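Peer 1: whatever this is, show me its structure:
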Amino acid sequence: MACMEHLKQQLEEAAIPYSCGEPLARHTSFQIGGPAALFCTPHTTQQLIQALELCRAEGVRTYILGNGSNLLFSDKGFDGVVLCTRSIQPEIQVEGDRIIAGAGMSLQQVCEEAARHGLTGLEFAYGIPGSLGGAVYMNAGAYGGETRDVLLEVEFVDEAGQVRSLPVDQLELGYRTSVFARTGWCVLRATLQLAEGDREQIQAKMDDLMNRRREKQPLEYPSAGSAFKRPEGAFAGSLIEQCGLRGYRVGDAAISEKHCGFIVNLGHASCADVLELARQVSDRVHQQTGFVLEKEIRVVE
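Peer 2: Predicted coordinates for the structure are as follows:
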């Protein structure tokens, strides 16, 4: 396409790195996904903003990729530009009991920085294999905590290319959703409001939660974390187990033997395998229990 060739030229002139045909399986925790037409790796937030502007001007669709931990790309890949925030130089600052960090930073990095400064409130997120931007996007949570509990403000690029900031009460944060999931706005930075605490106690709690994850979750296999949202009044994993689906598989996609709430890649699972497995499991659970399971994994085609 002429617009894609022109876009490549503009990215080169702006010294914004990119590659063609990059397998997206290399960049997601599921290890599934075909090639991206362009895979862009900006070094700075300004380069990210500029790349978004160039794509918008050329009418090329984009996808903002963080750690790729809650994501399933199509086997055909992505016919636009995938912009990877992990390539952006880490930016994080601590101001009293607040942390301001770039969207591309991993939650683990942010949690460790909080612990170093004796700031508590973010321990629940330790071990969630996502980026800060992804956590804001889906209001990530675990062990009784959610991102909105510690979020103060978010800086982002809107659909018109304008850099804006909004406080947490205007971000429409709900169970695994936010205004970003409905608008396509690109998270740039987030400000977290924490509290002073004891460093040793903070670290001990993070270590405990990490150990609990290792014991209960199938971290030995590629996955995208919890496959289904928690239905009101029940737990997805328990419903799936109740229906006798532990270990059930389609191709190399399987319900984890260790935790039925996870779909794992046993080696060569395709996107089609995962989607068919999710469909069959959802149908079985609905037929046998009446509960409707909704995928928590974000599917990008």
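
Peer 1: would you map the helices across this protein?
Peer 2: 2-13, 45-58, 107-116, 132-138, 179-183, 199-216, 236-242, 271-289 (DSSP state H).

Peer 1: output the fourth one as CSV, restricted to C-alpha atoms.
Peer 2: This file holds the C-alpha atoms of helix 132-138, laid out as CSV (Å, rounded to 0.1, in the frame of the first residue of the first chain):
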residue,chain,number,x,y,z
LEU,A,132,1.5,-0.1,33.9
GLY,A,133,-0.4,1.1,30.9
GLY,A,134,-2.0,-2.3,30.5
ALA,A,135,-3.0,-2.3,34.2
VAL,A,136,-4.7,1.1,33.7
TYR,A,137,-6.3,0.0,30.5
MET,A,138,-8.0,-3.0,32.1
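
Peer 1: show me the contacts for R164.
Peer 2: Contacts for R164 (C-beta atoms under 8 Å, 6 or more residues apart in numbering) come out as E155, F156, V157, D158. No exception for glycine: its C-beta is placed from N, CA and C like everyone else's.

Peer 1: the third one pairs with what?
Peer 2: Listed beta-bridge partners, V157: V163, C186 (assigned using DSSP bridges).

Peer 1: wait, it sits on S165?
Peer 2: No: counting by C-beta atoms under 8 Å, V157 stays clear of S165, with 11.0 Å between them.

Peer 1: can you say which of the helices of the chain is packed in most?
Peer 2: Mean neighbours per residue, mean count of other C-beta atoms under 10 Å, is largest over the helices of the chain for helix 132-138, with a mean of 28.

Peer 1: that one packs against which elements?
Peer 2: In terms of contacts (3 or more C-beta pairs under 8 Å, 6 or more residues apart in numbering; DSSP states H and E), helix 132-138 is packed against helix 107-116, helix 179-183, strand 186-193.

Peer 1: now it: average pLDDT?
Peer 2: Averaged over helix 132-138, pLDDT sits at 96.

Peer 1: returning to what we had before: between the helices of the chain, which one is nearest to A37?
Peer 2: Nearest of those to A37, taken as C-beta to C-beta: helix 2-13 at 6.5 Å.

Peer 1: what does the closest one rub up against?
Peer 2: Contact with helix 2-13 is made by 17-18, 20, 37-38, 40, 51, 54-55, 58-60, 81, as judged by C-beta under 8 Å, 6+ apart.

Peer 1: can I get the residues you listed in JSON lines with distance to Y143 and pLDDT?
Peer 2: Below are these laid out as JSON lines (distance: C-beta to C-beta, whole Å; pLDDT from 0 to 100):
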{"residue": "P17", "distance to Y143": "37", "pLDDT": "98"}
{"residue": "Y18", "distance to Y143": "38", "pLDDT": "98"}
{"residue": "C20", "distance to Y143": "41", "pLDDT": "97"}
{"residue": "A37", "distance to Y143": "39", "pLDDT": "97"}
{"residue": "L38", "distance to Y143": "38", "pLDDT": "98"}
{"residue": "C40", "distance to Y143": "35", "pLDDT": "98"}
{"residue": "A51", "distance to Y143": "36", "pLDDT": "97"}
{"residue": "L54", "distance to Y143": "41", "pLDDT": "97"}
{"residue": "C55", "distance to Y143": "38", "pLDDT": "97"}
{"residue": "E58", "distance to Y143": "43", "pLDDT": "95"}
{"residue": "G59", "distance to Y143": "43", "pLDDT": "95"}
{"residue": "V60", "distance to Y143": "40", "pLDDT": "96"}
{"residue": "V81", "distance to Y143": "36", "pLDDT": "98"}
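
Peer 1: burial of the nearest residue to L38 once chain neighbours are set aside, as a residue count?
Peer 2: Nearest residue to L38 in three dimensions, chain neighbours excluded: V81, at 4.5 Å (C-beta to C-beta, 6 or more residues apart in numbering). Counted with other C-beta atoms under 10 Å, the neighbours of V81 add up to 25.

Peer 1: same check on S226?
Peer 2: The number of residues packed near S226 is 21, by other C-beta under 10 Å.

Peer 1: spit out the contact partners of it.
Peer 2: Contacts for S226 (C-beta under 8 Å, 6+ apart) come out as A236, G237, G261, F262, E296.

Peer 1: thank you kindly, that will do.
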